[in-house]
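1. no sequence on this one, just coordinates:
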């Protein structure tokens, strides 16, 4: 595997030097703009406990705490390096967040306690979309929200290209995500598309 391929494969589970470079990129630039596009579709009030799933370098934990100034965020990531980076990035938020290693396919969070769960640029790698979505469903309160944000709408050529390069990656259309959410038990599902880029945000309510 060439160096470029090795770098892009850090997207799934960042490790070592290349993982640190990847996580630094996730905390800025286009990734931040993408996350902000998705967050713009969230409710303005009523959010107190948040689960940020696949929290990466931790930038979006900080953004969610700024958006909801009374909220507490639990960040979860599969990669120990991501957890380390997210904790360091949110040192100033230590009293309003906790960050732990975890696997969404075996989500170890309290059932029925969260007002919001978010997943930015991560469901590409979730094993068994419906089953993982059901795990998210279970930790949400009745009426709670789940936001999925992806850079690829599952139809753009760039997304399909990376799907071939990155091990275990699967790009989804908003329709496929919506169907899996409904199969997992979510009642209300809305999809939002960027007007110039293949970015999608899918917001579901329990």
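-> Done, it's in. Remember, it's a predicted structure, so these values are computed and weren't measured experimentally.
2. OK, contacts around residue 134?
-> Residue 134 makes contact with 184-185, according to CB atoms under 8 Å, 6 or more residues apart in numbering. Bear in mind the C-beta positions are built from the backbone N, C-alpha and C, glycine included.
3. and the next element down the chain from the helix or strand hosting it?
-> Here residue 134, judged by DSSP states H and E, is contained in helix 129-139. Counting by DSSP H and E, the next helix or strand C-terminal to helix 129-139 is strand 140-150.
4. buried ones in that following strand?
-> 140, 144-150 (16 or more other CB atoms under 10 Å).
5. any chance of JSON lines for the residues you listed, columns distance to residue 91 and pLDDT?
-> Shown next, in JSON lines, are these (distance: CB to CB, whole Å; pLDDT from 0 to 100):
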{"residue": "140", "distance to residue 91": "28", "pLDDT": "98"}
{"residue": "144", "distance to residue 91": "28", "pLDDT": "98"}
{"residue": "145", "distance to residue 91": "28", "pLDDT": "98"}
{"residue": "146", "distance to residue 91": "28", "pLDDT": "98"}
{"residue": "147", "distance to residue 91": "25", "pLDDT": "98"}
{"residue": "148", "distance to residue 91": "28", "pLDDT": "98"}
{"residue": "149", "distance to residue 91": "25", "pLDDT": "97"}
{"residue": "150", "distance to residue 91": "29", "pLDDT": "94"}
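6. quick one: which of the residues you listed is nearest residue 56?
-> residue 149 (12.1 Å; CB to CB).
7. so the spatially most central residue of the chain, which state does it fall into?
-> Geometric centre of the chain, nearest residue: residue 119, 2.0 Å, by CA atoms, centre = their mean. The local conformation at residue 119, judged by DSSP: H, G, I helix; E, B strand; the rest coil, is strand.
8. I'd say it and residue 55 touch.
-> No: the criterion here is CB atoms under 8 Å, and residue 119 misses it with residue 55 at 9.6 Å.
9. could you pull out the strands for this structure?
-> 49-53, 72-77, 97-101, 114-120, 140-150, 188-193, 200-205 (DSSP state E).
10. same list (those) but as a markdown table, adding distance to residue 182.
-> Below are the strands of the chain laid out as a markdown table (distance: least, CB to CB, whole Å):
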| stretch | distance to residue 182 |
| --- | --- |
| strand 49-53 | 19 |
| strand 72-77 | 24 |
| strand 97-101 | 29 |
| strand 114-120 | 16 |
| strand 140-150 | 12 |
| strand 188-193 | 6 |
| strand 200-205 | 8 |
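11. and of these, who's closest to residue 87?
-> Nearest to residue 87, of all those, is strand 97-101, at 5.0 Å by CB to CB.
12. neighbours around residue 179, how many?
-> Look at residue 179: counted by other CB atoms under 10 Å, it has 15 neighbours.
13. so it versus residue 100, what's the distance?
-> As judged by CB to CB, to the nearest Å, residue 179 and residue 100 stand 30 Å apart.
14. then residue 119?
-> Distance from residue 119 to residue 100, counting by CB to CB: 16 Å.
15. so, low pLDDT: which residues of the protein?
-> Along the chain, the model assigns pLDDT under 70 to residues 1-30.
16. so residue 125 touches residue 168, yeah?
-> Yes: if you go by CB under 8 Å, residue 125 and residue 168 touch, sitting 5.7 Å apart.
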